[in-house]
Every structure is written in C-alpha cells, then in structure tokens.
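> Structure, please.
(one chain, ligands or ions: 1)
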Amino acid sequence: MKTLIDKIRNKQLPPIVKKIAKSEGLNPKKLADDIKNGYAVICFNHKHSPNKPCAVGKGLKTKVNVNIGTSPDFSSLKNELKKLDISLKYGADAVMDLSTGGNLRQIRRKIISKCPVSVGTVPIYETAVLNAKKNKKIRDMKIEDIFDAVRRQAEDGVDFMTLHCGLTLETIKRLKNEGRLLNIVSRGGAFLANWMMHNNKENPLYEHYDELLDILRDFDVTISLGDGLRPGCIDDATDRSQIQELIFLGELAQKANKRGIQAIIEGPGHVPLNEIKTNMQIQKKLCNNAPFYVLGPLVTDSALGYDHIAASIGAAIAATYGADFICYLTPAEHLGLPSNEDVKEGLIATRIAAHAADVASGNKKAILRDKMLSQARRKRDFKLQFDLALEPRKAKAKYKELKAKKKDVCSMCSEFCAIKTMEEVLKK
Ligand code: SF4
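I've put the predicted structure just below:
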C-alpha cells in the first residue's frame with residue numbers, strides 16, 4: 001500500500017494534508033514538502049482513521065500527548081475509558097495506551113474505537129506482559145513475539161508506535177563505561193536491555209529494522225523512535241549514552257524516511273534548564289530536523305507531587321527551541337498510576353506550556369489568541385475572556401465564587417480597578 005510519503009512523492013496532495021494545513025493556517029504544498037522531507041508527520045493509520053489526527057513538526061502548533069492505560073495493580077477498562085474522556089474534554093492532541101494490566105487487546109481496541117485523535121502504543125509492553133502470563137522471564141521473549149505484537153497493534157489501528165530501535169549493545173557499553181545514577185528508566189528500554197544483556201544479542205528492533213519497517217509500511221504507522229536511554233535524573237542528563245543513542249535514532253529516522261515511513265524522535269526525560277536548548281539543537285542537527293517528542297523534560301528531580309509543573313517548565317523551553325510534541329506528566333509521576341484528576345491537571349499544565357512556546361516561536365494563531373484575550377481583559381469582558389482561555393472551567397468557577405460587588409471589574413481591586421481607572425482618565 002502507498003504511504004502518505006509515497007503519495008506526496010508521486011506528486012499527489014492527499015486530502016488529510018489539505019485538512020491539517022487548513023486547520024493550522026499553513027500552505028498545504030509546503031506541509032506536504034515538510035512531510036516528504038521528514039520534518040513533519042501526520043499520525044494516521046487507515047485502520048483507525050482518526051477524525052482529528054495528530055500532526056507534529058515544522059510549522060505546526062506544538063501538540064500534547066496524554067498517557068493512559070492500566071497497570072497490573074489497577075486494570076479497570078472502565079477507569080481508563082474515563083481517563084480517555086477527560087483527555088479529550090481537556091484538549092489532548094494524542095493519547096497513548098500504555099496498558100500493562102488486564103486484557104491488553106480488548107483495552108486497546110476499545111480505546112481506539114472511542115478515540116477521535118491519534119492513538120500511540122509501546123508494543124514491547126504487550127510482548128513482555130504476554131510472556132509473563134506464560135510464567136516466562138523477560139530474557140525468554142522470542143523475537144517473533146516482539147514483531148507479532150507490532151503487527152497485531154498495527155492491525156488494530158494504532159497510529160504511532162514507540163519502538164526503542166536505537167538502544168544497541170554499543171549504547172549499553174557507553175552507559176556502563178560512563179556510569180549512571182539511574183541507569184535506564186524507560187520501561188521499554190529496560191525490557192530490551194534486560195533481554196540483550198542476558199542473551200548477549202543485539203536489539204532485534206535494531207538488527208531487523210527493515211522487517212519492522214515492512215510491517216509499519218503495510219499500515220502507514222508512524223514510528224516514534226524511543227529513547228531507551230533517556231536520562232531519568234538531572235545527574236544523568238546529556239551524557240554519552242544518551243547522545244550515542246540519539247545518533248542511532250537520527251540514522252534510523254533517515255532510513256524510515258527513505259522507505260516512505262514517517263518518523264518522530266523521542267527525547268528526554270530529566271534535563272536541567274540550562275541544557276534544554278542544547279539538547280533541542282543537537283537533536284535537530286543529528287536527526288535532520290525530524291519532529292522531536294519530549295517527555296517534559298523535568299527541570300528538577302525534587303518536585304515530587306508537582307512533577308507536572310516541573311515538566312511544564314521544561315516543556316515550554318524545549319518547545320520554544322524546537323520540540324514539536326510534548327508528552328504530559330501528572331502530579332502522580334514517580335508515585336503511582338495517575339487518577340482522573342491527575343490526568344486533568346497534567347494535561348492542562350502541559351497545554352499551557354505548549355501554548356506559551358507557540359507564542360514565543362511566533363505562531364500567528366497563538367499570538368492572536370493572547371492579543372484577543374487581552375483586548376477582552378481591557379474591556380473587562382469576562383465572558384469573552386473565558387471563551388478565549390486555554391481552559392475556561394476553573395476560571396469561570398473562580399470568577400463566580402469571588403464575584404465583585406461592582407459591575408465590570410473583578411474583586412481583586414474592585415473599585416480601584418487599574419484598567420478601568422486608566423480607561424476613564426485617558427478618555428478625559
Ligand atoms: S479589578 Fe484589578 S485585577 Fe480585576 S480587572 Fe481590574 S485591574 Fe484587573
């Protein structure tokens with residue numbers, strides 16, 4: 001089957017490209033060129049055909065992903081579907097199903113059937129879980145089981161998949177040589193490293209990359225090249241193993257593009273504020289400007305219970321300097337499976353970071369929204385301010401709860417409203 005890149009290379013302008021270009025205020029031919037060159041992607045598997053597919057990369061608004069999914073301790077499908085509803089209600093651009101508890105295929109299919117935005121997964125989780133159900137250890141995973149999970153998930157309609165193809169024996173050697181405080185914190189990365197080190201074999205996703213691309217091609221699944229060696233603490237940030245893996249990811253993205261498959265590069269993790277810009281520049285340089293998908297990054301390890309704030313600070317800086325796609329973090333990060341409220345709080349914080357970065361990067365729509373909101377603020381038109389707010393519900397409730405006695409001001413300064421005072425004085 002022809003992929004989106006194949007069609008563009010054949011001088012077609014696919015309707016999905018026109019649709020995204022229209023919604024983002026871009027020239028469709030320019031967007032098609034950027035997709036062809038690997039600078040932008042549209043995560044769209046025809047088996048799912050999401051109504052609002054997630055488009056990330058050059059010139060596009062910064063997008064936000066929400067992770068949901070069961071764990072062995074909390075495996076209720078009903079609860080995860082509730083989180084999906086919350087994610088959609090509060091503006092997620094993509095949702096990843098990271099389930100590791102319960103009937104994984106049933107959960108995935110249900111989430112895909114109910115999700116109008118792109119759905120992502122990490123197929124190695126399913127391989128590991130099915131393996132464990134047979135009372136086998138991670139090191140006993142069969143290579144064909146890994147590839148079967150990828151095909152099964154593609155058939156189910158997954159739009160983008162995290163595959164840790166750049167975690168090689170070479171990168172693990174770097175990790176051992178340099179030494180790390182938290183070694184590997186990526187679940188998928190740890191599964192693969194465990195298998196590789198026990199069997200003393202190369203990562204099958206790296207060694208059999210062409211076969212992997214064959215499967216993805218059949219469904220036009222976007223590959224999200226996972227960073228198994230993403231730093232899991234400030235002390236490990238920007239070390240040799242992280243950068244070594246990034247070099248591999250850049251090569252693998254180039255190979256995917258040649259085969260007509262869209263690719264995203266995944267990035268850190270935990271990065272101090274002063275190293276974020278450098279990380280973004282290195283990624284863009286080494287990966288031929290492929291879209292960059294970051295997890296936060298967290299700018300401190302010490303914000304336990306408030307990691308969504310620490311991550312949003314990092315995300316705003318990262319997206320200003322080149323990150324295109326942000327994976328949210330919740331207040332439950334490092335503590336447990338997020339609750340419904342955690343999903344909401346994490347998503348809103350990340351959307352604020354994404355918007356702030358779009359304003360700083362010169363996105364016309366984002367700048368206009370801020371300007372219109374300030375014009376409404378100048379007129380003390382609270383209704384219009386709520387309409388333009390990134391998340392109006394809390395603002396409306398607060399305004400109502402703290403209502404001023406006077407009309408057209410808020411109770412912060414009330415009769416001493418600075419904006420109103422200046423309006424009156426300037427009129428005179
Ligand atoms: S009362 Fe104060 S805070 Fe409220 S709108 Fe006027 S200047 Fe702004």
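> got a list of what the residue nearest in space to the middle of the chain touches?
Geometric centre of the chain, nearest residue: Cys327, 3.4 Å, by Cα atoms, centre = their mean. Cys327 sits next to Val64, Asn65, Asn67, Met96, Tyr293, Val294, Leu295, Gly296 when contact means Cβ atoms under 8 Å, 6 or more residues apart in numbering. (C-beta placed from N, C-alpha, C; glycine too.)
> Please report how far it lies from Ala353.
11 Å (Cβ to Cβ, to the nearest Å).
> Which residues of the stretch 101-250 of the chain lie near the ligand?
Taking Cβ under 6 Å from any ligand atom, no part of the stretch 101-250 of the chain reaches the ligand.
> Closest residue of the stretch 101-250 of the chain to the ligand?
Val117 (35.3 Å; Cβ to the nearest ligand atom).
> That residue pairs with what?
Beta-bridge partners recorded for Val117 (DSSP bridges): Lys52.
> Quick one: name the residues of the stretch 301-428 of the chain near the ligand.
Residues of the stretch 301-428 of the chain lying near the ligand (Cβ under 6 Å from any ligand atom): Arg380, Val409, Cys410, Met412, Cys413, Cys417, Ala418, Ile419, Lys420.
> Am I right that the fourth one sits in a strand?
No. Looking at Met412 with DSSP: H, G, I helix; E, B strand; the rest coil, it is coil, so not inside a strand.
> Can you give me the neighbour number for it?
By other Cβ atoms under 10 Å, the residues close to Met412 number 10.
> again with the fifth one
Cys413: 13 surrounding residues under other Cβ under 10 Å.
> The last one now?
The burial metric for Lys420, expressed as a neighbour count using other Cβ under 10 Å, is 17.
> and what of the second one?
Here the number of neighbours of Val409 (other Cβ under 10 Å) works out to 19.
> helix, strand or coil for it?
On the basis of three-state DSSP, Val409 is classed as coil.
> Which pLDDT value goes with the closest residue to the ligand within the stretch 151-300 of the chain?
Per Cβ to the nearest ligand atom, Val299 is where the stretch 151-300 of the chain lies closest to the ligand, at 29.6 Å. Per-residue pLDDT puts Val299 at 98.
> Please apply the same query to the one 5 residues further on.
Leu304 carries a pLDDT score of 98 in this model.
> My read is that it contacts Gly336, right?
No. With contact defined as Cβ atoms under 8 Å, Leu304 does not reach Gly336; the gap is 11.7 Å.
> helix/strand/coil for Lys83?
Secondary structure, three-state DSSP: Lys83 is helix.
> How much space separates it from Gly188?
Distance of Lys83 to Gly188, computed by Cβ to Cβ: 21 Å.
> ok, now Leu84?
Relative to Gly188, and taking Cβ to Cβ, Leu84 is found at 22 Å.
> Same question for Met197.
Met197 is 15 Å from Gly188, by Cβ to Cβ.
> If you count surrounding residues, which of the two has more?
Gly188 (23 against 13).
> Which residue, other than its chain neighbours, is closest to the one residue in the stretch 201-350 of the chain that gets nearest to the ligand?
Nearest residue of the stretch 201-350 of the chain to the ligand: Ile348, at 21.6 Å (Cβ to the nearest ligand atom). Spatial nearest neighbour of Ile348, excluding adjacent residues (Cβ to Cβ, 6 or more residues apart in numbering): Glu391 at 5.0 Å.
> how near is the one you found to the ligand?
From Glu391 across to the ligand, the span is 19 Å (Cβ to the nearest ligand atom, to the nearest Å).
> picking that back up, just put the contacts of Cys327 in a markdown table and tack on distance to Asp33 and pLDDT.
As requested, those are exported to a markdown table (distance: Cβ to Cβ, whole Å; pLDDT from 0 to 100):
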| residue | distance to Asp33 | pLDDT |
| --- | --- | --- |
| Val64 | 25 | 98 |
| Asn65 | 25 | 98 |
| Asn67 | 32 | 97 |
| Met96 | 28 | 98 |
| Tyr293 | 21 | 98 |
| Val294 | 25 | 98 |
| Leu295 | 29 | 96 |
| Gly296 | 31 | 94 |
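> And those residues, which is closest to Asn177?
Of all the contacts of Cys327, Asn177 sits closest to Leu295, with 24.9 Å by Cβ to Cβ.
> What is the burial count for that closest one?
Neighbour count of Leu295, defined by other Cβ under 10 Å: 25.
> I figured it hits Arg230, correct?
Yes. Between Leu295 and Arg230 there is a contact under Cβ under 8 Å: 6.7 Å.
> Spell out which residues are contacts of both of the two.
Glu266, Gly267, Pro268, Gly269.
> list the contacts for the first one?
Glu266 makes contacts with Thr162, Ser224, Leu225, Gly226, Asp227, Arg230, Leu249, Tyr293, Val294, Leu295, as judged by Cβ under 8 Å, 6+ apart.
> Same question for the second one.
Neighbouring residues of Gly267 by Cβ under 8 Å, 6+ apart: Asp227, Arg230, Leu246, Asn279, Gln283, Phe292, Tyr293, Val294, Leu295, Pro297, Ala318, Ala323.
> Any stretches of this structure with poor pLDDT?
Scanning the chain for pLDDT under 70 picks out nothing.
> separation between Glu424 and Phe382?
Counting by Cβ to Cβ, the gap from Glu424 to Phe382 is 19 Å.
> Please identify which of the two sits among more neighbours.
Neighbours were counted for Glu424 and for Phe382 using other Cβ under 10 Å; Phe382 has more, 18 against 10.
> show me the contacts for the more buried one.
So Phe382 contacts Ala376, Tyr399, Cys410 (Cβ under 8 Å, 6+ apart).
> For the second one, which non-adjacent residue is spatially closest?
This means Tyr399. Leaving aside its chain neighbours, Tyr399 sits nearest to Phe382 (5.8 Å; criterion: Cβ to Cβ, 6+ apart).
> quick revisit: make a markdown table from the residues of the stretch 301-428 of the chain next to the ligand and add distance to His46 to it.
Formatted as a markdown table, those follow (distance: Cβ to Cβ, whole Å):
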| residue | distance to His46 |
| --- | --- |
| Arg380 | 49 |
| Val409 | 54 |
| Cys410 | 50 |
| Met412 | 52 |
| Cys413 | 56 |
| Cys417 | 55 |
| Ala418 | 55 |
| Ile419 | 52 |
| Lys420 | 56 |
